[in-house]
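In: Sequence and predicted structure below; questions after.
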Amino acid sequence: MEEIEISSWLTLDALKKKADLAETVGNLQTGHSMSVFCQIEDDYLELVYTDATANSLRRYEDKDEFESAIEQRKEEDGEAAYDEDRECEEDEDDDKDEDDVLEADAEDDDY
């Protein structure tokens, strides 16, 4: 991987417009950085926008290194893959528990 510092978001935006976008990780509205993974011809790039430190451009040697970097950024930013079904099941269980409590409260009010 090669990395260079980029002082302007305009420069990153110009590169982003010419590239084929693969993935965006992070959000500048909720965090301090955002990585845009893209490809221009045979170059695999990561455009790093940040409000905390210097912006940068990273160039990866091959597609494997590029995909590995995407997964690493997701883990660092808390966007790693998760089991959607499991989360829904837990939410449903929580709703049932709340309904049980509300029903029990309603029964207590009857007395």
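Out: Perfect, I can see it now.
In: hey, let's count contacts and neighbours off CA atoms from now on
Out: Will do.
In: what residue ranges in the protein score low on pLDDT?
Out: Filtered on pLDDT under 70, the chain yields the residue ranges 79-111.
In: All the helices of it, residue numbers only.
Out: Ranges of helices in the chain, per DSSP state H, are 9-18, 63-77, 84-110.
In: which helices and strands sit right next to the second one?
Out: Of the remaining helices and strands, those touching helix 63-77 by 3 or more CA pairs under 8 Å, 6 or more residues apart in numbering; DSSP states H and E are strand 20-26, strand 43-50.
In: Domains in the chain, by residue range?
Out: What automatic domain parsing lists as the domains of the chain is 2-80, 82-111.
In: Mind putting the helices and strands packed on helix 63-77 into a markdown table with mean neighbour count?
Out: Formatted as a markdown table, the helices and strands packed on helix 63-77 follow (neighbours: other CA atoms under 10 Å):
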| stretch | mean neighbour count |
| --- | --- |
| strand 20-26 | 16 |
| strand 43-50 | 23 |
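In: Between the ones you listed, which one is closest to L10.
Out: L10 lies closest to strand 43-50 among those, at 10.4 Å (CA to CA).
In: who does that closest one pair up with?
Out: strand 33-40 (antiparallel), strand 55-60 (antiparallel) (DSSP bridges).
In: looking at the ones you listed, which is closest to Q72?
Out: strand 33-40 (11.2 Å).
In: Next, the angle from the closest one to helix 9-18.
Out: 40 degrees (axes from the mean of the first three to the mean of the last three CA atoms, to 10 degrees).
In: Quick one: closest of the strands paired with strand 43-50 to K74.
Out: Judging those by CA to CA, what sits closest to K74 is strand 33-40, at 9.7 Å.
In: Flag every buried residue along the closest one.
Out: In terms of neighbour count (16 or more other CA atoms under 10 Å), strand 33-40 has its buried residues at 33-39.
In: List just the nearest of those residues to D13.
Out: V36 (10.1 Å).
In: hey, what's that closest one bridged with?
Out: Under the criterion used (DSSP bridges), V36 bridges to T24, L47.
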